[in-house]
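# generate coordinates for the sequence data below:
(chains A and B)
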2 protein chains.
Amino acid sequence: MSLIVQKYGGSSVANADRIKNVCRRLAAARDKGNDVVCVVSAMGDTTDDLIELAHQVTSHPDDREMDVLLSTGEIVSSTLLAMGLRGMGYSAVSLSGAQAGIRTDTAHSRARIHSIDPVRVRKELQAGKIVIVAGFQGITRDMDVTTLGRGGSDTTAVALAAALKADSCEIYTDVEGVYTTDPRIVPEARKLDEIGYEEMLELAYHGAKVMHPRAVELGSVYGIPILVASSFTDAPGTLIHGGTAMEIRNKVSGIAHDANIAKITVIGVPDRPGIAAALFEPLANAGISVDTIVQNASVNKITDLTFTVARGDLDKTVNLVKDVAESLGAKDIVTDTTLGKVSIVGAGMQSGAGYAGRMFKALYQGGINIELITTSEIRITCIIAESRLLDAVRILHKAFDLEKP
Amino acid sequence: MSLIVQKYGGSSVANADRIKNVCRRLAAARDKGNDVVCVVSAMGDTTDDLIELAHQVTSHPDDREMDVLLSTGEIVSSTLLAMGLRGMGYSAVSLSGAQAGIRTDTAHSRARIHSIDPVRVRKELQAGKIVIVAGFQGITRDMDVTTLGRGGSDTTAVALAAALKADSCEIYTDVEGVYTTDPRIVPEARKLDEIGYEEMLELAYHGAKVMHPRAVELGSVYGIPILVASSFTDAPGTLIHGGTAMEIRNKVSGIAHDANIAKITVIGVPDRPGIAAALFEPLANAGISVDTIVQNASVNKITDLTFTVARGDLDKTVNLVKDVAESLGAKDIVTDTTLGKVSIVGAGMQSGAGYAGRMFKALYQGGINIELITTSEIRITCIIAESRLLDAVRILHKAFDLEKP
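A predicted model of the protein is given here:
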């Protein structure tokens, strides 16, 4: 008998009919003789509706209270799944994050899982029940409810799979798996049968929406294979894993894009040790994630420092950087919100050559100017005009023959 | 410094504006130097909406899961009150029934409070916080969520007031207090400044909707004075208490009515010991509350037995009674759903005479036929045609001069 953790997202449980559909899927997994644990998100727009309600009551809702408020969304969907299954004659029980033993730190609205003590989950499984766990939430040592922030329910599923030593972790969503790129932009985009953790991480960090990087990272650390598949079809999905038998090693796996970036250039910074630390430490302390960082070649010990952040963080970032920049004698701060980034990702890139050249040439032939370039061992990212971002995705998808299996 | 428990019902927190209104009321109580605990119901129609959602998923929702589902309604309103207060600059915290230490038995959907261990409530009060407790819910020894059934939030408030040895317990609702009868039926109905526990219990059991008898009973047992008042005005309300200085001892306090009754007559039952027990034990076991019971004088050791139940329980009752009645040799079972009951209640009735006579005469003069009569020490109830029920209320209100202070 295998132990399977299945996670269903908000669109998969958006209404009563979809909830019944998920119940049938869970029942089918159980009928095959598996022990089944289900992690579920809040129904459809529930979370957004609750946030709006909170803002109607007060302009600055308290984090601790907001976490309790939002956690009710996942509890509602978990009980509906459990009662649906019981209505079908299956033994099932819903558990809150607290009841499932998910202990977190006290960082409300973005808590990290500290440990999982799944004693109750195991007890219910042993009693033959399908266990439905409310995703996205945990509890502190003082028994206060926390939420895990973005990608929270995916993270719950992978972490529970690790704690239970599950045989598989399946993330069901509204797409059929991980594609070479967004099929809404490139209709020829091809679903991948499998992908490595590192590649998936790079794709996720650089704009692929299908899974949150945090959950992928957790899967990588604990060696949990993660299947991403559709909750609406029986298509086989994509397996994210760390095995060595990668599909095609010497190849680009996918293309990610992200329009949500803002570029900041600090002009005329003295080129001496400690400058970068002085500029970026306040940002790190404020929880602002800095993406690409590029420092131009120094002329007369004076340099320009360019970096990107999420657009929503721009104002906060400029305010934090301004004071430091002035004290360092910088001449000016220039911002640009008309840019986007496109990335090619593939484990094969670290052994093969010529990927950068092919990428730059394809963009050049498409008349797309490159503003900035950054790379990792398995990724090349170009910052370009946002207005050409989707063109760039299409051009690169074709240039690397990604439509071909 | 006094410790006050205030309870706000669903209509008092039905939207963001009303929630802000309750926040201002709680803040005002705090500003007067009180320690404040608030018990809150789910917003407006939330509970009904959740029940409907459950029925969309399955025709027979499981009680255990339904309790978890419904408990989210009170959690939502409790967090909104807490964040509203924090937005106003007050220190506040929301607690679930579990966090507030409300332990119950395992009778899902109608759990009874077993004990309250309010250690967390006390800790938060000592930290200077206004404590908002989600009403209507508790937790079993196995940490499963339960709900308390009808009148649940009122019961939470009175029980918490008892456990905390609060100085007062205030139930805020959408009416200004306890009236001599429903002011929508008799515009001259008068608000009572005070009323005894027993009178309030009789009124509540026999149709007055303002407070659930269960909470009144708890207040009586623990000697907690309960103020019933409006959450929308500053009118003084009605104090329910056990003091001896009752308003006017020798008088009818109020008139209750209830259209939700069904009459069942078992015809031709042998008149021997044990018959009533045989008939009513299965009903008690099924949780059906039997109200009026009348046994006609026996002729030739054969009698008719008549009783009333809530109309929603009629089918279940007939099914349960049918088998027993047959085995006892009863001739037939007759039901009637065209009846209602009207009651006069007053502590003064136990010492004074002539109340029954005045009641029957007034109904007779109004052309209203009496089907059944039952009494307690402080109450007289007549079962009459439902079509004349509101007339009966008006006639009796006038007959006992209840519009006069």
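# restrict stretch A:164-174 to CA atoms and write it as PDB.
Below are the C-alpha coordinates for stretch A:164-174, written out as PDB (Å, rounded to 0.1, in the frame of the first residue of the first chain):
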ATOM      1  CA  LEU A 164       5.000  11.200   6.300                       C
ATOM      2  CA  LYS A 165       7.600   9.700   4.000                       C
ATOM      3  CA  ALA A 166       4.900   9.600   1.300                       C
ATOM      4  CA  ASP A 167       5.500   7.600  -1.800                       C
ATOM      5  CA  SER A 168       4.400  10.500  -4.000                       C
ATOM      6  CA  CYS A 169       3.300  14.100  -3.800                       C
ATOM      7  CA  GLU A 170       0.900  15.200  -6.500                       C
ATOM      8  CA  ILE A 171       0.000  18.800  -7.100                       C
ATOM      9  CA  TYR A 172      -3.300  19.200  -9.000                       C
ATOM     10  CA  THR A 173      -4.000  22.500 -10.700                       C
ATOM     11  CA  ASP A 174      -5.800  24.000 -13.600                       C
END
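# and that stretch, what's buried?
By neighbour count on 16 or more other Cβ atoms under 10 Å in any protein chain shown, the buried set for stretch A:164-174 is A:164, A:166, A:168, A:169, A:170, A:171, A:172, A:173. Backbone N, C-alpha and C define where each C-beta goes, glycine included.
# show me which of those residues is closest to residue B:376.
Nearest to residue B:376, judged by Cβ to Cβ, of the buried residues of stretch A:164-174 is residue A:164 at 58.6 Å.
# for that closest one, grab phi and psi.
Dihedral pair for residue A:164: phi -90, psi 0, per degrees, to the nearest 10.
# please apply the same query to the one 5 residues further on.
According to degrees, to the nearest 10, the main-chain angles of residue A:169 amount to phi -130, psi 120.
# so what's it up against?
A:4, A:5, A:7, A:157, A:158, A:161, A:219, A:224, A:225, A:226, A:227 (Cβ atoms under 8 Å, 6 or more residues apart in numbering or on different chains).
# and residue A:313, by the same measure?
Taking Cβ under 8 Å, 6+ apart as the test, what residue A:313 contacts is A:262, A:288, A:289.
# so what's it scoring on pLDDT?
If you check residue A:313, the pLDDT there is 90.
# ok, residue A:244 next?
We have a pLDDT of 54 for residue A:244.
# all helices for chain A, in order.
A:16-31, A:46-57, A:63-87, A:119-126, A:152-163, A:197-205, A:213-222, A:275-285, A:314-327, A:355-365, A:389-399 (DSSP state H).
# if we can go back for a sec, kindly indicate which of the contacts of residue A:169 lies nearest chain B.
Of all these, residue A:7 has the smallest distance to chain B: 19.1 Å, by Cβ to the nearest Cβ.
# roughly how far does the closest one sit from residue A:154?
Distance, residue A:7 to residue A:154, using Cβ to Cβ, to the nearest Å: 6 Å.
# what does the lowest-mean-pLDDT helix or strand in chain A contact?
Within chain A, no helix or strand scores below strand A:293-295, which has a mean of 77 by mean pLDDT, DSSP states H and E. The contact list for strand A:293-295, computed with Cβ under 8 Å, 6+ apart, reads A:276, A:280, A:303, A:304, A:305, A:306, A:307, A:372, A:374.
# need the residue in chain A that's farthest from the chain's center.
residue A:300 (42.1 Å; Cα atoms, centre = their mean).
# and that residue, what does it touch?
Contacts of residue A:300 (Cβ under 8 Å, 6+ apart): none.
# switch to 10 Å and redo it
Applying Cβ atoms under 10 Å, 6 or more residues apart in numbering or on different chains to residue A:300 gives the contacts A:270, A:271.
# pLDDT weak spots in chain A?
Low-confidence segments of chain A, defined by pLDDT under 70: A:243-250, A:297-298, A:350-353.
# kindly recompute the last result at 80.
A:1, A:243-251, A:271-277, A:287, A:292-301, A:348-353, A:405 (pLDDT under 80).
# dump the residue contacts of residue A:146.
A:63-64, A:67-68, A:71, A:97-98, A:102-113, A:136-140, A:152 are the contacts of residue A:146 under Cβ under 10 Å, 6+ apart.
# quick check: the gap between residue A:47 and chain B.
12 Å (Cβ to the nearest Cβ, to the nearest Å).
# gap between the residue lying closest to that residue once chain neighbours are set aside and residue A:147?
Spatially, and ignoring its direct neighbours in sequence, residue A:47 is nearest to residue A:73 (5.3 Å; Cβ to Cβ, 6 or more residues apart in numbering or on different chains). To residue A:147, residue A:73 is 10 Å away according to Cβ to Cβ.
# and if you look at residue A:114?
Distance from residue A:114 to residue A:147, by Cβ to Cβ: 14 Å.
# residue A:163 too?
From residue A:163 across to residue A:147, the span is 19 Å (Cβ to Cβ).
# the two: which is more packed in?
The neighbour comparison of residue A:163 against residue A:147 (other Cβ atoms under 10 Å in any protein chain shown) goes to residue A:147, with 27 against 20.
# find the nearest non-adjacent residue to that one, please.
residue A:67 (4.6 Å).
# count the neighbours of the nearest residue to residue A:218 once chain neighbours are set aside for me.
Nearest non-adjacent residue to residue A:218, counting by Cβ to Cβ, 6+ apart: residue A:158, 4.6 Å away. When counting by other Cβ under 10 Å, one arrives at 32 neighbours for residue A:158.
# and if you look at residue A:286?
Residues lying near residue A:286 (other Cβ under 10 Å) number 12.
# for it, give me phi and psi.
Per-residue torsions, residue A:286: phi -90, psi 0 (degrees, to the nearest 10).
# contacts only, for it.
If you count contacts by Cβ under 10 Å, 6+ apart, residue A:286 has them with A:313, A:316, A:317, A:319, A:320.
# how about residue A:329?
So residue A:329 contacts A:268, A:269, A:270, A:302 (Cβ under 10 Å, 6+ apart).
# among these, which ones are buried?
Of those, these count as buried by 16+ other Cβ under 10 Å: residue A:269.
# what about residue A:28, neighbour count?
Residues near residue A:28, counting by other Cβ under 10 Å: 12.
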